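> Give the three-dimensional model of this entry:
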Amino acid sequence: MITVIDLPYPKDALEPIISAETMFYHYEKHHKGYANKLNELIKKNPRLQNKSLVELILSEKGPVYNNAAQVWIHNFFWLSLTPNSVMSQELKQLLEEHFGSLEEFMKQFVEAGVNQFGSGWCWLVYDNGFKIVATKDADIPFGYPLLVIDLWEHAYYLDYKNERKKFLENVFDIINWDFVEENIRQIK
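The predicted model follows:
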């Protein structure tokens, strides 16, 4: 049975950037909904019943892939956020080396997210260097994921309406930079 991770913080911990109401619907309805749909699909197909979430993502297509990828990406998304956002000097220097400045990194990240047409995700990945990549729907980018921000409207619409850019600009105040650094250490 595929399950979602427990939130690493209370649903109101990311306020005012992300409201408790948004967290409730996003986590309880959307994220758990993908897991429920995936488990229904797995029950109907004995071939899938002993596969892990990652194995389902790597081997399947269509609804099984879409729901498995959504569960995995959302798990990663919740870990990408924290109410105690602090960036180390080492990470700041690393981002400055690769993007010119921290402000330029943030600008490029926001632009990639704003320019993603429709639903999707904005990622910081390592793929022979640090790259900012936007993907649509349940697509996972090539490379090693370091950070992801949800661009689906359910992630921000209750709090920001149609202002995705404002959401992306504000989300930097709740990025879990420790998680980003942990991911970077794993690729070295």
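
> list the helices and strands the top helix by length along the chain packs on?
In terms of residue count, the longest helix belonging to the chain (DSSP state H) is helix 62-79. Under the contact definition 3 or more C-beta pairs under 8 Å, 6 or more residues apart in numbering; DSSP states H and E, helix 62-79 sits against helix 32-43, helix 53-59, strand 144-150. The C-beta positions use only the backbone N, C-alpha and C, and glycine is treated the same way.

> Out of the ones you listed, flag the one nearest His26.
Distance to His26, taken as C-beta to C-beta, is lowest for strand 144-150 among the helices and strands packed on helix 62-79, at 7.6 Å.

> Okay, buried residues for the following helix or strand past that closest one please.
Elements were assigned by DSSP states H and E; along the chain past strand 144-150, the next helix or strand is helix 157-160. Within helix 157-160, the residues that count as buried by 16 or more other C-beta atoms under 10 Å are Leu158, Asp159, Tyr160.

> hang on, the earlier thing: I'd like to know which of the helices and strands packed on helix 62-79 is closest to Ser101.
Closest to Ser101 of the helices and strands packed on helix 62-79 is strand 144-150 (C-beta to C-beta; 17.5 Å).

> For the closest one, which strands pair with it and how are they oriented?
Within its sheet, strand 144-150 is paired with strand 120-126 (antiparallel), according to DSSP bridges.

> Can you tell me how far Asp178 is from Pro83?
Distance, Asp178 to Pro83, by C-beta to C-beta, to the nearest Å: 12 Å.
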